[in-house]
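> Sequence unavailable; structure follows:
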Ligand SMILES: [Zn+2]
Ligand SMILES: [Zn+2]
Ligand SMILES: [Zn+2]
């Protein structure tokens, strides 16, 4: 019976202890303290807002966490079809023993209090890690993060570089960079030195990846220090840059990052395709969308120039998935990385997962990352993925291609965990 | 058994009486009078032509309806795989008791005569409405439609605005507008007054939507009367406009329409992505195609500028579906509207339906509209959709997520009917 | 039982003897002589390289075939999930009785020797044709191919025109053209005469198609001899052409080809969407990728200008599939042609096949071609397609639409073979 087959494979995949290769966890406050930490995740605030809840009610200054949850609960009924809400239900059921079909105005307060009690336990973070089967959690650290005060064997540092590439025009970013590196930056060369210093700091603290999210129209190109020098000097002299000048600085910084990834053998996570602040009146982190008219051909020069840098690539849209399949099939240094954001729902995951598993070397596919901000989300998100993966392994490999169950499960484990170890291993 | 489950859900959905939120019904001749009205639908003429039937045979001036059907029947064998032909078979079976596997040169005449007899019954229109479970039918009215002589509680007026936005350069359109509004138009301000008058007329007659179809390269932007005034004056002075000037007029009229939608709380249906007259030698209404390289990012300014206008959005291609999912997930004023034209076949509907139901608030999804020109088509088209919807509810919600059948059926009914009432309600 | 149903349909489709309407077979060496001919197919060298095998090891000058296979075998474990590797396993099982689960360092030598022995049999080519159920094989001949020394009733000539359209700027191409036509070419008119002569030569030898692969940004447009004459003269005078001039020559040659397709009633195979040499350090034939941002709207002028030329169109990406469905649904002269290259894996084939079979006249769909370089690949590739096709016929037509098995099988046979005969028949 296919259904039983899929369930057996799922059970095997569920038993696997994982490394989560991309999250936004704050290692100093990794787990939640109230249900508001969980329901404050942008998936819920933006969907509740989209369904009619005014932003002002969600983001009222000084709003009490419990009151915030209460307001959101009123809108949840409109979202109960979504997979995003099913993550919440899974969390409440798995961690708080909540077994109602829905969170309603009648039952939420009890749930809130139960959760608060559980979360107040001193070992809550450890409980969540254990119950979720998480062994290591990759972070996304600001470039000026001191990377101190947490266990870098559990929480793996990764250098997030969006600010450097796209916001160096802001004096705040330049100040942060100067402070973080203790360097007097003023030209392309000293800027490069600063970047070098960041890489040294991060790798000395065990960083395993450099990461960036990129807009649909970005096309990396080689810019040498001498080409960028005049503009970088102008920027540091306090001048406003033109659009073309800003672009040149972005290109220069990006290319320099890739060079230091090569120097330090650090994978460079590219998360391609997001336009920021498309809906400017949206809630916090609920403003970004995209233009699907983007192509990996824009990365041709980059992929060719850095054969020794591994690029784990995430694409925002399922219409880019086939390019990702083809580019990782051809380029040795391009590997597939998870199911990102707007493509992280079962219909898209299913199709994308099928097309990847059947055409790209199995060692070049990172199945999934949670992208979570709070630890509690790894469990439901990975479970959603494991369910899809189990279905695909059952239908396409065991039934479709006559594989043994064991062989299919091995493939599943490889993309879920094995490849994370080899691709990000040091 | 999944198969039985899906059939039970389908039966429940079939029992629902519907409001069809977008059609091209002529309320003065809503039902067909001969089979030629049905087989003259562009889906059959264009497919028969594509399969080899010369346009001249289909559109011969003065062609007798029966002879036309006879000519089309000769080509039907080449189309019998298509879902479009299955609509025709459903109509013939449901309404005329035709139970053959195919319409052939041997059996079509009897069918034609049976149909003609049925359609000649004085209550044919009522019979079709009843048998199809249709309670209300939205129209697509020309801007100068007097909206008289029909029951506006059954046939709901909607203001179609393609001519105003894209064909004001034709003197015929300007004449029609002047006549319809009884205004002396000659500048941006009087043009605006005319549009205001159209909205008053339409809303006074119970209009529930403003609607427009848009080419892939259209990007709405705010144009104020003072910016457009010189060009509008030039147009009304009888000058030929340049491409840029024409575009400015289109932008101005479009933006003004959105403003009056806000004034009258009228949803603005956007049907995005069609290029007109791509195959100029094609049959009537069988000439339009598209360029898939379009994005909802082009509507960023519009969606931000009119938070109080609801935009039910249809996209022509399945490659735009994920953008539609994401944009309606983020923007409160963007809702999903049906499965349009070239995306209105089961393979695309299935994938699009799955991705929508799992990620967008359930209250923001209008499941389907028939887009029909003759009443007889609501039944087979909605049935096709209901079959897909039942399958998705069964596999993804009941089996995949453990929902009860009742809950899944409720979700189906909401997108089939409930949301039409709330989104277009007044 | 759906599973049994699908298997019965598959068995029927498997029994059909085929015409393969697009291959790269060398008719003078159609079958393989060692396993290196098979494993040297770019699918294996590029995937092995992508998974880590250095190009230098694969393409070492003077490398012994057996040694080459030995090196590739070391990497095969990383590819054993891919459908491409399943083709290899099918070949080894069907033709060489190899029944191991994998080709490993422990068993490959025996396999190599067994294969070599089989392939050394004088009637190996005939054995493969027979065992594969192949009646005719279309070729892809260089424009200067003498088309002599082989049976043109078995191996059907087709005129490949990439060099003429895109590489006439190379003196080597011009020399080949002069030699092939024995004409003194120097202007647009004599270039046109040369093309005419090629068509005469090819059609006199039984050619059934003209074919070309096209980059994503190509948009054919009518260029008359007088418009191109100055540039063609300049080219033949030995001048380097500018980008725009090169483009004009490409356009002129392309349009002239279409004109001669009309003269000779030759279908013009368009294979749309490939960018050449994207990964320049890749292995032979493993360097090409694409930019998915292309549209069939670019072919609007062409499709309208040549109503009497049949254009069998292949698209490189599944995101272009819906355009192909829609354009062949509307344009009488556009027909669907197979599943090409990066879209030739089951996940994409399944979705594309479903959407085609349900919306385009059944007579306008060429189900599949192998695109093979060696005869042994027709069997596993067509089998992959037939499996998908059987599943789609079972689920969408027999179960979904209540068709009889016989009727579904007839549809399958039509797209597999019948349409190849009618579309490329003379
Ligand atoms: Zn992230
Ligand atoms: Zn319509
Ligand atoms: Zn080929």
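Done, it's in. Quantities reported herein were computed from a predicted structural model and do not represent experimental measurements. Residues are numbered from 1 along each chain as shown, chains lettered A, B, ... in the order given. Ligands and ions are numbered 1, 2, ... in the order given.

> domains of chain A?
A:34-119, A:126-424 (automatic domain parsing).

> right, and residue A:193 touches residue A:183 too?
Yes: Residue A:193 is in contact with residue A:183 according to CB atoms under 8 Å; the separation is 6.0 Å. (Each C-beta comes from the backbone N, C-alpha and C, glycine too.)

> Let's test this: mean pLDDT of stretch A:357-373, rounded?
Averaged across stretch A:357-373, pLDDT comes to 98.

> so who does the closest residue in space to residue A:286 that isn't next to it in sequence touch?
Distances taken as CB to CB, 6 or more residues apart in numbering or on different chains put residue A:46 closest to residue A:286, at 2.9 Å, once the chain neighbours are dropped. Going by CB atoms under 8 Å, 6 or more residues apart in numbering or on different chains, residue A:46 touches A:282-283, A:285-286, B:329-330.

> Now do stretch A:228-247: distance from first to last residue.
Taking CA to CA, to the nearest Å, stretch A:228-247 runs 10 Å from one end to the other.

> And that stretch, what's buried?
Residues of stretch A:228-247 classed as buried: A:228, A:231-232, A:235-236, A:241, A:245-247 (neighbour count, 16 or more other CB atoms under 10 Å in any protein chain shown).

> what does stretch A:216-225 give?
Under the neighbour-count criterion of 16+ other CB under 10 Å, stretch A:216-225 has A:216, A:218, A:220, A:223, A:225 buried.

> from the residues you listed, which is closest to chain C?
residue A:216 (10.6 Å; CB to the nearest CB).

> Pick out the residue of the stretch 51-200 of chain A closest to chain C.
For the stretch 51-200 of chain A, CB to the nearest CB, closest residue to chain C: residue A:83, 20.8 Å.

> now that residue: how far from residue B:302?
Distance, residue A:83 to residue B:302, using CB to CB, to the nearest Å: 29 Å.

> cool, and residue A:4?
51 Å.

> more neighbours, those two?
residue B:302 (22 against 9; other CB atoms under 10 Å in any protein chain shown).

> Spatially nearest residue to that one, not counting backbone neighbours?
Going by CB to CB, 6+ apart, residue B:302 has residue B:220 as its nearest residue, at 4.3 Å.

> Which residues of the stretch 151-300 of chain A lie near chain C?
By CB under 8 Å from any CB of the partner chain, the residues of the stretch 151-300 of chain A that approach chain C are A:293, A:295-297, A:300.

> pretty sure the residue nearest to residue A:286 is in a helix, no?
Yes: judged by DSSP: H, G, I helix; E, B strand; the rest coil, residue A:46 forms part of a helix.

> Surely residue A:114 is in contact with residue A:95?
No: in this structure residue A:114 lies outside contact range of residue A:95 using CB under 8 Å: 9.5 Å.

> Looking at the two, which one has more neighbours?
residue A:95 (23 against 16).

> What ranges in chain A fall below the confidence cut-off?
Of all residues in chain A, those with pLDDT under 70 make up the ranges A:1-2, A:426.

> could you point out which element follows the one helix or strand residue A:322 maps to?
Using DSSP states H and E, residue A:322 maps to helix A:321-330. Next along the chain after helix A:321-330, taking DSSP H and E as the criterion, comes strand A:334-337.

> Just list what that next one packs against, helices and strands only.
strand A:311-315, helix A:321-330, strand A:365-366 (3 or more CB pairs under 8 Å, 6 or more residues apart in numbering or on different chains; DSSP states H and E).

> close to chain B, is the helix holding residue A:322?
No: Helix A:321-330 does not reach chain B (CB under 8 Å from any CB); its nearest approach is 10.2 Å.

> helices or strands up against that helix?
strand A:311-315, strand A:334-337, helix A:346-357, helix C:42-50.

> Can you tell me how far the residue nearest to the spatial centre of chain A is from residue A:22?
The centre of chain A sits closest to residue A:371, judged by CA atoms, centre = their mean, with a distance of 3.6 Å. For residue A:371, the distance to residue A:22 (CB to CB) stands at 6 Å.

> for residue A:406, same thing?
Applying CB to CB to residue A:406 and residue A:22 gives a distance of 29 Å.

> Between these two, which is the more surrounded one?
In terms of neighbours (other CB under 10 Å), residue A:22 is the more surrounded of residue A:406 and residue A:22; the figures are 26 against 11.

> okay if I get the contacts of residue A:46 as CSV plus neighbour count?
Formatted as CSV, the contacts of residue A:46 follow (neighbours: other CB atoms under 10 Å in any protein chain shown):
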residue, neighbour count
A:282, 22
A:283, 22
A:285, 14
A:286, 21
B:329, 26
B:330, 24
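
> Now tell me what touches the one helix or strand residue A:245 maps to from outside.
Residue A:245 is part of helix A:243-264 when elements are defined by DSSP H and E. Helix A:243-264 is contacted by residues A:161, A:164-166, A:168-169, A:188, A:191-192, A:195-196, A:199, A:203, A:210, A:212, A:218, A:220-223, A:225, A:227-228, A:231-232, A:234-235, A:241, A:266-268, A:302, A:305-306, A:308-309 when judged by CB under 8 Å, 6+ apart.

> got the residue ranges for the strands in chain A?
A:18-20, A:134-138, A:155-156, A:158-160, A:209-214, A:268-272, A:311-315, A:334-337, A:365-366 (DSSP state E).

> need those in JSON lines with mean neighbour count, can you?
JSON lines is the format used below for those (neighbours: other CB under 10 Å):
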{"stretch": "strand A:18-20", "mean neighbour count": "22"}
{"stretch": "strand A:134-138", "mean neighbour count": "21"}
{"stretch": "strand A:155-156", "mean neighbour count": "22"}
{"stretch": "strand A:158-160", "mean neighbour count": "25"}
{"stretch": "strand A:209-214", "mean neighbour count": "24"}
{"stretch": "strand A:268-272", "mean neighbour count": "25"}
{"stretch": "strand A:311-315", "mean neighbour count": "26"}
{"stretch": "strand A:334-337", "mean neighbour count": "26"}
{"stretch": "strand A:365-366", "mean neighbour count": "26"}
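
> For chain A, list the residues in contact with chain B, please.
Residues of chain A lying close to chain B by CB under 8 Å from any CB are A:46-47, A:49-52, A:78-84, A:86, A:101, A:275, A:278-282, A:286-293, A:317-319, A:342-343, A:345-348, A:351, A:387.

> Now do the contacts for the residue lying closest to residue A:26 once chain neighbours are set aside.
Ranked by CB to CB, 6+ apart and with sequence neighbours excluded, the top spatial neighbour of residue A:26 is residue A:373, at 7.7 Å. Going by CB under 8 Å, 6+ apart, residue A:373 touches A:23-26, A:41.

> Now do the contacts for residue A:229.
A:187-189.

> In PyMOL, select just the buried ones from those.
Those of the contacts of residue A:229 that count as buried under 16+ other CB under 10 Å are selected in PyMOL with:
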select buried, chain A and resi 187+188
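
> about what we covered before: return the closest of the buried residues of stretch A:216-225 with respect to residue A:355.
residue A:216 (21.1 Å; CB to CB).

> Sounds good, over and out.
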